[in-house]
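Peer 1: What follows is a protein structure lacking sequence information:
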C-alpha cells in the first residue's frame, strides 16, 4: 500500500500513529489506541476501526470478539500530521473492555497534594458476558 | 512530588503520558499532547493545561505565548491508566498554532487507493498576529 495519503501521516519510530476514537452525536471520547499503515488502510477499506495492538503485536479489528465494532463516519488528521481522530458510531454503546461506554471513566478529584481517581461511570455490561 | 495519584498513572519509557484535550460544551477534540509527572502535577495545581514539549524538551504552559490557555474543568484517566483526557475551556476558542479552533482540521476524503486530506476548518486568526 503506497498511497500518497498514507505517506502524509508522520508515523513514529515504530511505524505507528496515536488514534483518538470519538463518538458521533454525543462527542464522547471513547478510547485511545494506535494504528500502523496497514491498520489505517484497512480502516478506510472496511469502514470500521482497525487498530494495531501493541501488546499482541497484530492487527486488531475492534469488536472482533465483543461485537462492539466502530463504524467510521469521519477520519481527521491533526496539524502536525502525527495524530488521527476517528469519529465513530459505537456498536453496543460500549467501547471499553470493562463494559463501560468510554475508557475514560476515572475522574480526578482532589488537589495536587492529595488527589485520587474515582470510577464515576457505570458498567453497562459484565465483561464476562461480553467476552465468552 | 510523590503523590499516590501520580503513581497510578502508567508513565511510558520516557516518563510521559499521552493527553487528549476536549472542549467542554462543544465536545470538540482540540488537540493531543504529552505530559510528564511534573506537567500533570502543575496542571492540577494551576487549573490550566501544562504539557511537556517533546521538541523543546521543557514544560509548556499552553497559551503562555498566544494567550490561548486551557482552563481545566475535569481530568480523566483511561482503563489502562496510560492516557489522560482533559476537559477544558479554550481561551480565544483557538487551540491550534495554525489559528484554527482544533488541530484536527484535515479531513480524509476518498478511498483506500485514492484518498486525500482536505483542510476543512477555517483559520480564525492569522498565526502572525497570535505569535508576535
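Peer 2: In hand now; what should we look at? Please read these numbers as outputs of a predicted model, since none were measured by experiment. Numbers count the residues shown, from 1 in each chain, chains lettered A, B, ... in the order given.
Peer 1: Let me know whether the lowest-mean-pLDDT helix or strand in chain A sits next to chain B.
Peer 2: For chain A, counting by mean pLDDT, DSSP states H and E, helix A:127-130 ranks last in confidence among helices and strands (a mean of 92). No - if you take CB under 8 Å from any CB of the partner chain as the test, helix A:127-130 misses chain B, and the best it gets is 10.7 Å. (C-beta placed from N, C-alpha, C; glycine too.)
Peer 1: Off-centre distance for that helix?
Peer 2: On the basis of CA atoms, centre = their mean, to the nearest Å, helix A:127-130 sits 19 Å off its chain's mean C-alpha point.
Peer 1: Counting by contacts, list what it packs against.
Peer 2: Packed against helix A:127-130 by the contact rule (3 or more CB pairs under 8 Å, 6 or more residues apart in numbering or on different chains; DSSP states H and E) you find no helix or strand.
Peer 1: now what about it, what contacts it?
Peer 2: A:66, A:68, A:94, A:97, A:98, A:99 (CB atoms under 8 Å, 6 or more residues apart in numbering or on different chains).
Peer 1: In chain A, what residue lies closest to chain B?
Peer 2: Residue of chain A nearest chain B, by CB to the nearest CB: residue A:27 (2.5 Å).
Peer 1: Which pLDDT value belongs to that residue?
Peer 2: Residue A:27 carries a pLDDT value of 98.
Peer 1: before we move on, back to that, pull out the buried members of the contacts of helix A:127-130.
Peer 2: Neighbour counting by 16 or more other CB atoms under 10 Å in any protein chain shown classes A:66, A:68, A:94, A:97, A:98, A:99 among the contacts of helix A:127-130 as buried.
Peer 1: any idea how far the second one is from residue A:30?
Peer 2: Same thing as residue A:68. Distance, residue A:68 to residue A:30, using CB to CB, to the nearest Å: 10 Å.
Peer 1: Over to the third one?
Peer 2: Using CB to CB, residue A:94 is found at 9 Å from residue A:30.
Peer 1: Just give me the longest helix of chain A.
Peer 2: helix A:37-46 (DSSP state H).
Peer 1: Packing partners of the next helix or strand after that helix?
Peer 2: The element immediately downstream of helix A:37-46 (helix or strand, assigned by DSSP states H and E) is strand A:50-53. Helices and strands touching strand A:50-53, by 3+ CB pairs under 8 Å, 6+ apart, are strand A:29-36, helix A:37-46, strand A:58-61.
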